[in-house]
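[1] Next one to model:
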Amino acid sequence: MYKTIEETAKDIGMPEHQILQYIYNGRIKAVHDGQQFLVNSRQFDTYHEQLERIKQEIEIWRNTPIPEDIDVKDED
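    The predicted model follows:
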């Protein structure tokens, strides 16, 4: 599905000027219909999958308790 730059910016959480810059640099593929750029939103499926995976890994890391240091000895 093709979206405008404004819709794409809201969808992936980036400013519109950065989306335009990525289009001009070739990092985001887009089609110009004579009036505006249209971006195929399917190219961001992998981005969303990786973002969710990273969020899950961060949550697991936060919930993992810190192991006790085996070198510390109680000398009291």
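[2] Can you read off the pLDDT for the spatially closest residue to Q36 that is not a sequence neighbour?
    Of all residues beyond its chain neighbours, the one nearest Q36 is T4 (6.0 Å), with distances taken as C-beta to C-beta, 6 or more residues apart in numbering. (C-beta placed from N, C-alpha, C; glycine too.) T4 carries a pLDDT value of 93.
[3] Could you give the bridge partners of T4?
    T4 has these beta-bridge partners by DSSP bridges: L38.
[4] how about it, what does it touch?
    By C-beta atoms under 8 Å, 6 or more residues apart in numbering, the residues touching T4 are Q36, F37, L38, V39.
[5] List just the nearest of those to A9.
    Compare each of those with A9 using C-beta to C-beta and the shortest gap goes to V39, at 9.5 Å.
[6] wait, that closest one sits on I5?
    Yes - the pair V39 / I5 is scored as a contact, 6.8 Å apart, by C-beta atoms under 8 Å.
[7] Give the intersection of the neighbour lists for the two.
    With C-beta under 8 Å, 6+ apart, V39 and I5 have common neighbours I19, I23, A30.
[8] Verify the stated contact: the second one with N40.
    No - using C-beta under 8 Å, I23 is not in contact with N40, being 11.7 Å away.
[9] okay, the two: which has more neighbours?
    I23 (18 against 14; other C-beta atoms under 10 Å).
[10] what's near enough to touch the residue nearest to that one when sequence neighbours are not counted?
    Using C-beta to C-beta, 6+ apart and skipping residues adjacent in sequence, the residue nearest I23 is A30, 4.6 Å away. With contact taken as C-beta under 8 Å, 6+ apart, A30 is in contact with I5, I23, F37, L38, V39, N40.
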